[in-house]
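S.K.: build me a model from this:
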Amino acid sequence: MPVLRALPAHEVMMGNIPLKQPIPTQSIDQISPFLLIHHHTAEVLEGADKWNAGVGPHPHRGFSPVTFIWQGGVHHRDSRGNNSVVGAGGVQWMDVGLGIVHSERPPALLCESGGTQEIIQIWINLPKSHKMMEPVYLPFQKEELPAVADHPDLRITSGSPIPGGPKGPLRGAYAVASMHGHTTTEPLTFEVKDGENGLFYFLSGGGSLQGYGLVEEHMLYHMSSGIYTLNPSESSKILFVSALPIEEKVESYGPFVMNNQTEIMEAMRDYQMGKMGVLVERDLP
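M.R.: A predicted model of the protein is given here:
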């Protein structure tokens, strides 16, 4: 069977922010190396306070939080001095390694004019050998990402998820194949390489998957290795990621993902001591 599990995205709250979360759930902690998926859609009101919208400064250590953007854009600022806005169709990728403090807010223009922000943030584990690497921030706009044949608004960020198709420009600390955007109604053939865990999520739309049957929105499909063809019933918003599992113990606490409890305590201490830096938010120059 091409689909090992079909997982609905449950409604959850992160503080006062509503999210759809297909993993983790009460029954599934992770699908290695993928730890968490948050699908967030918000209407930003005209004249919203840009300094109180979105998610304010917070730390991370030991993994790669990646934000895929469908609508509205994201303004990223961090304690390493990175300060950029990525628009619809783009991706913001961080290998946070030993630690960083960052914020994720709607862009100033979106707060001024109002509109919709739709994103997915996925947490990708890092192996022990990379958990204390120097942080790297990798922003890509839509136009920097190659399009999929017959699907001009479906873009490849990393790896080669389309057999014979283009390779994404991003080179993260851990190899992941990824694409996101909008399909047309043309067939879409994609690949989960040998030994990898593939995840296919519909933000909207649906269709049929050859060898499986109907697929629908707000569902996450855990795919086994193979080459598959999706026949969209309409233009659909999708995310696809695939990577080899990391066969290591995972210990997590809030924004820290390490290999044991001692490392979690060290991360908490280092953050409190300011070793992950301090973020003073400012506008773009």
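S.K.: starting at the chain centroid, how far to the worst-scoring helix or strand of the chain on mean pLDDT?
M.R.: Across the helices and strands of the chain, mean confidence by mean pLDDT, DSSP states H and E is lowest for strand 10-14: a mean of 91. Computed by C-alpha atoms, centre = their mean, to the nearest Å, the separation of strand 10-14 from the middle of its chain amounts to 16 Å.
S.K.: which residues does that strand contact?
M.R.: Contact with strand 10-14 is made by 18-22, 25, 38, as judged by C-beta atoms under 8 Å, 6 or more residues apart in numbering. (Each C-beta comes from the backbone N, C-alpha and C, glycine too.)
S.K.: strands paired with it, and their directions?
M.R.: strand 17-23 (antiparallel) (DSSP bridges).
S.K.: what sits up against the partner strand?
M.R.: The contact list for strand 17-23, computed with C-beta under 8 Å, 6+ apart, reads 7-13, 30-31, 34-40, 42, 55, 201, 218-220.
S.K.: give me that answer again for 7 Å
M.R.: Strand 17-23 is contacted from outside by 7-12, 30-31, 34, 36-40, 201, 218, 220, using C-beta atoms under 7 Å, 6 or more residues apart in numbering.
S.K.: next one: stretch 208-220
M.R.: Residues contacting stretch 208-220 (C-beta under 7 Å, 6+ apart): 1-3, 6-9, 20, 22-23, 37, 199, 201-207, 221, 228-231.
S.K.: 6 Å - rerun?
M.R.: With C-beta atoms under 6 Å, 6 or more residues apart in numbering as the test, stretch 208-220 has contacts from 2-3, 6-9, 20, 22, 201-202, 204-206, 229-231.
S.K.: stretch 221-239 too?
M.R.: The contact list for stretch 221-239, computed with C-beta under 6 Å, 6+ apart, reads 2-6, 31, 68, 70, 120, 163, 180, 182-183, 185, 187-189, 191-192, 194, 198, 200-210.
S.K.: how about it, which residues are buried there?
M.R.: 221-223, 228, 230, 232, 236-239 (16 or more other C-beta atoms under 10 Å).
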